[in-house]
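Peer 1: sequence and predicted structure are below.
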Amino acid sequence: MTDAVTAEDLRKTYPGGVRALDGLTLTVRAGEVFGLLGPNGAGKSSTVKILTTLARPDSGRATVAGHDVLRHPDRVRREIGVVPQRSALDPAASGRDNLTLQARIFGVRGRRRVDELLERFDLAGAANRAVRGWSGGMQRRLDVALALVHKPGVLFLDEPTTGLDPEGRAQMWTEIGRLAADESIAILLTTHYLDEADRLAARLAIVDGGRIVAEGTPAQLKGELRGDAVHLELRQPPDEPQARQAISHVAGLRDVALDGRTLSARADDGAAAVPAALAALESAGIRVATVTVARPSLDDVYLRHAGRRFAS
């Protein structure tokens with residue numbers, strides 16, 4: 001499988017000393033959905049801006065569809081489709097007019113491609129209405145249709161479901177799944193939704209502080225965490241050294257992390273470890289509000305590699 005996108009040691013610092021990217025490296029293969037997962041401010045959008053020629057890195061190298069983003073930005077732009085975080089639609093124009101204008105910009109003539117996309121994204125019935133009256137989910141699907149009008153080889157979806165209600169998110173997930181199944185294009189999806197990355201990405205990278213801290217398939221990343229995840233929500237923020245000292249005596253617990261009132265750990269047998277953990281904390285005067293034992297999640301993967309719980 002060939003590489004559709006490569007980024008090598010990308011670094012970017014904005015005015016004021018804000019470091020957005022700190023040596024980010026990734027590869028997206030042709031025909032796969034690659035998820036870039038991280039909280040807001042992690043560096044996801046800066047990565048997309050560089051890969052889509054909208055920003056220049058301070059250092060590092062990137063290629064898209066075989067073209068260097070700095071030396072041949074015009075070639076890159078012809079090969080990509082981009083769905084930005086904020087919609088690029090003309091709200092006063094109809095859905096058909098938005099698509100027709102986009103098609104003309106890319107030199108796509110005739111109505112066939114426009115009609116095809118309106119049908120594909122279930123927008124034909126509203127095609128002649130101004131998009132300002134469309135639902136958020138319909139507008140977002142039209143954004144994706146615009147990005148596909150010229151049949152790009154690489155599609156960038158930057159936080160495509162932000163602001164959508166649960167029904168709109170579900171519809172967008174379905175459309176992205178269809179794209180992955182029906183089109184031989186590479187999709188780079190940025191998201192801060194754990195469930196979205198888990199469901200859609202064939203491979204994903206967790207980005208934190210402008211760096212990739214973990215990469216693999218969702219199953220591989222979760223499979224690296226043996227046993228159960230144990231999460232104890234404490235009634236109030238504890239004295240950290242005291243809490244760690246208390247829990248250190250509990251057999252079978254490892255990878256203990258404390259984030260505010262949440263104490264998390266790994267255990268080969270979570271159910272067996274919980275009573276001893278509760279007793280140890282209680283004896284130290286630390287009261288527990290709730291306990292959860294579950295199989296590993298991407299949140300647990302993030303906790304392991306970033307040292308704190310995931311927060312969007």
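Peer 2: On my side now, so go ahead.

Peer 1: okay, CA-based contacts and neighbour counts for the rest of this
Peer 2: Will do.

Peer 1: now the most centrally placed residue in the chain: phi and psi?
Peer 2: What sits nearest the mean C-alpha location of the chain, by CA atoms, centre = their mean, is Thr191, with 2.5 Å. Here is the backbone geometry of Thr191 (degrees, to the nearest 10): phi -160, psi 150.

Peer 1: and the pLDDT at it?
Peer 2: Confidence at Thr191, expressed as pLDDT, is 90.

Peer 1: next up, the contacts around the residue lying closest to it once chain neighbours are set aside.
Peer 2: Nearest non-adjacent residue to Thr191, counting by CA to CA, 6 or more residues apart in numbering: Glu159, 4.9 Å away. With CA atoms under 8 Å, 6 or more residues apart in numbering as the criterion, the residues that contact Glu159 are 84-85, 189-192.

Peer 1: and the residue nearest to the centre of the chain, how far is that from Leu36?
Peer 2: 6 Å (CA to CA, to the nearest Å).

Peer 1: same question for stretch 47-64, mean pLDDT?
Peer 2: In this model, stretch 47-64 has an average pLDDT of 96.

Peer 1: figure out how far that stretch is from the centre of its chain.
Peer 2: Shown here is stretch 47-64, whose average C-alpha point lies 18 Å from the average C-alpha point of the whole chain (CA atoms, centre = their mean, to the nearest Å).

Peer 1: how about that stretch: buried residues?
Peer 2: Residues of stretch 47-64 classed as buried: 47-53, 56-57, 61-64 (neighbour count, 16 or more other CA atoms under 10 Å).

Peer 1: start and end of it, how far apart?
Peer 2: Terminal residues of stretch 47-64 lie 12 Å apart, using CA to CA.

Peer 1: what's in contact with that stretch?
Peer 2: Counting contacts by CA under 8 Å, 6+ apart, the residues outside stretch 47-64 that touch it are 4-13, 21, 23, 46, 68-70, 73, 76-77, 80, 82, 154, 156, 158.

Peer 1: which among those count as buried?
Peer 2: Judged by 16+ other CA under 10 Å, buried ones among these: 4-7, 9-12, 21, 23, 46, 68-70, 73, 76-77, 80, 82, 154, 156, 158.

Peer 1: now do Glu183 against Ala306, distance only.
Peer 2: Distance, Glu183 to Ala306, using CA to CA: 34 Å.

Peer 1: picking up where we left off before, any idea which of the contacts of Glu159 is closest to Gln102?
Peer 2: The shortest gap between Gln102 and any of these belongs to Pro84, at 14.9 Å (CA to CA).

Peer 1: just to check, the closest one is in contact with Thr161?
Peer 2: No - using CA atoms under 8 Å as the test, Pro84 is too far from Thr161 to be in contact (10.7 Å).

Peer 1: all strands of this structure, in order?
Peer 2: Secondary structure of the chain (DSSP state E): strands located at 3-14, 18-29, 33-37, 59-64, 67-68, 80-83, 154-158, 186-191, 203-208, 211-216, 228-234, 253-259, 262-267, 288-294.

Peer 1: run through who's touching the shortest one.
Peer 2: The set of residues external to strand 67-68 that reach it, using CA under 8 Å, 6+ apart, is 61-62, 73, 75-76.

Peer 1: average pLDDT for it?
Peer 2: If you average the pLDDT over strand 67-68, you get 97.

Peer 1: pairing partners for it, with directions?
Peer 2: Here the strand partners of strand 67-68, with direction, are listed using DSSP bridges: strand 59-64 (antiparallel).

Peer 1: neighbours of Ala251, just the number please.
Peer 2: Summarising burial for Ala251: neighbours were counted as other CA atoms under 10 Å, giving 12.

Peer 1: sorry, back to before: ok, Pro84 and Thr161, which is more surrounded?
Peer 2: Between Pro84 and Thr161, counted using other CA under 10 Å, the more crowded position is Thr161 (24 against 18).

Peer 1: can you list the domains in the protein?
Peer 2: What automatic domain parsing lists as the domains of the chain is 3-221, 226-295.

Peer 1: in TSV: the ones you listed, plus distance to Tyr302.
Peer 2: Output for the domains of the chain, formatted as TSV (distance: least, CA to CA, whole Å):
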stretch	distance to Tyr302
domain 3-221	7
domain 226-295	12
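
Peer 1: what residues are up against the closest residue to His249 other than its chain neighbours?
Peer 2: With CA to CA, 6+ apart as the criterion, His249 has its nearest non-adjacent residue at 7.6 Å, and that residue is Ala280. With contacts defined as CA under 8 Å, 6+ apart, Ala280 is in contact with 246-247, 249-250.

Peer 1: show me which of those residues are buried.
Peer 2: With neighbours counted by 16+ other CA under 10 Å, the contacts of Ala280 contain buried members at 246-247, 250.
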